[in-house]
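K.L.:
what follows is a predicted protein model with its sequence.
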Amino acid sequence: MDMKIKAPYDLDVSCSKCSLLNKCMPAGLNSTELTRIDSLVSQRIRVKRGSDLQRFNNGQQSLNIIRTGYFKTVLSTNDGRDQVLGFHMSGDSIGLAGELSELHSCRVTALEDSTVCIVPFAHVEAIANSVNGLHSHIRHLFSLEINRENSVMLFLGSMNSQERVATFLLKLSSSHEERGFSPIDLNLKMSRYDIASYLGLKHETVSRTLARFIKSKLINLNLRELKIINLVALNSLAVDKNN
């Protein structure tokens, strides 16, 4: 792994000027609070595609926030199989749930060259009393991560294959739109095998379902470039799509 370990002063963009500030930190901070926020990040690391995110704080608990790139969370089962638990993009916190629960068999792997901001909890504690809402926001980020990791159970319930794939694409579309990207032009960073693992389906089933969506003119797909053509029809296939 190629990683850059420097103080936040060496970062290209400070936290207070980052486009992801409203996802990472509480809203409505004043100028003094924004200045204090800039002291939170201890490191920014580069994680190459295919490499795992490691712990870089000498055993100290930290919040890891994706600055750029894409990751997947994978749980290795006792029988040697890998189960994809989730996919994560810019602005998401990652690794926190596994770190706090000591799930050492849970890996966070980069799906493309990525950068991650490391925020030690000790830094949060040092300025929490002088930054309104910081403690509650960190708890909120932790809750979001737990919910993301547990959401895979939704796909392993009563949904059929079409419903699972449709719901997955809609959630991906929503995540892109939240970050200011196109909700209909999606670049699938993950492989079909990863999608199948996440949805609890066979690889062949995912491929056949996507082919069916193409034939029904719901989507276009060229390698990993996916375009949603009929968002209304895709929504009609999904179950509990807003959960």
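P.N.:
Here it is on my side, so go on.

K.L.:
would you agree D38 is in contact with S14?
P.N.:
Yes: D38 is within contact range of S14, at 4.7 Å (criterion: C-beta atoms under 8 Å). C-betas here are computed from N, CA, C, even on glycine.

K.L.:
what's the following helix or strand after the worst-scoring helix or strand of the chain on mean pLDDT?
P.N.:
For the chain, using mean pLDDT, DSSP states H and E, the weakest element among its helices and strands is helix 96-100, scoring a mean of 51. Sequence order places strand 106-110 as the next helix or strand after helix 96-100, per DSSP states H and E.

K.L.:
angle of the next helix or strand after that following strand against strand 106-110?
P.N.:
Following strand 106-110 in sequence order, the next helix or strand is strand 114-120 (DSSP H and E). Interaxial angle, strand 114-120 versus strand 106-110 (axes from the mean of the first three to the mean of the last three C-alpha atoms, to 10 degrees): 130 degrees.

K.L.:
could I have the CA atoms of strand 114-120 written out in CSV?
P.N.:
Only the C-alpha atoms of strand 114-120 are listed here, as CSV (Å, rounded to 0.1, in the frame of the first residue of the first chain):
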residue,chain,number,x,y,z
SER,A,114,-8.8,5.8,-3.0
THR,A,115,-7.9,8.3,-0.3
VAL,A,116,-9.1,8.1,3.3
CYS,A,117,-9.1,10.7,6.1
ILE,A,118,-8.2,9.4,9.5
VAL,A,119,-9.9,11.1,12.5
PRO,A,120,-8.7,9.7,15.8
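
K.L.:
what does that strand rub up against?
P.N.:
11, 15, 24, 40-47, 49, 53, 56-57, 60-71, 94 (C-beta atoms under 8 Å, 6 or more residues apart in numbering).

K.L.:
so what's the residue count around Q54?
P.N.:
For Q54, the neighbour count with other C-beta atoms under 10 Å is 12.

K.L.:
I should have written C24 there, sorry.
P.N.:
When neighbours are counted by other C-beta under 10 Å, C24 registers 24.

K.L.:
residues in contact with it?
P.N.:
15, 18, 65, 91, 93, 117, 141.

K.L.:
make it 6 Å
P.N.:
Contact analysis of C24 by C-beta atoms under 6 Å, 6 or more residues apart in numbering lists I65.

K.L.:
next one: the one 3 residues further on
P.N.:
With contacts defined as C-beta under 6 Å, 6+ apart, A27 has no neighbours.

K.L.:
next one: it from L134, what distance?
P.N.:
Separation of A27 from L134 (C-beta to C-beta, to the nearest Å): 12 Å.

K.L.:
can you check K227 too?
P.N.:
40 Å.

K.L.:
likewise C117?
P.N.:
15 Å.

K.L.:
how about A126?
P.N.:
Applying C-beta to C-beta to A126 and L134 gives a distance of 10 Å.

K.L.:
looking at the two, which has the bigger crowd around it?
P.N.:
Taking other C-beta under 10 Å, A126 and L134 do not tie; L134 has more neighbours (21 against 13).
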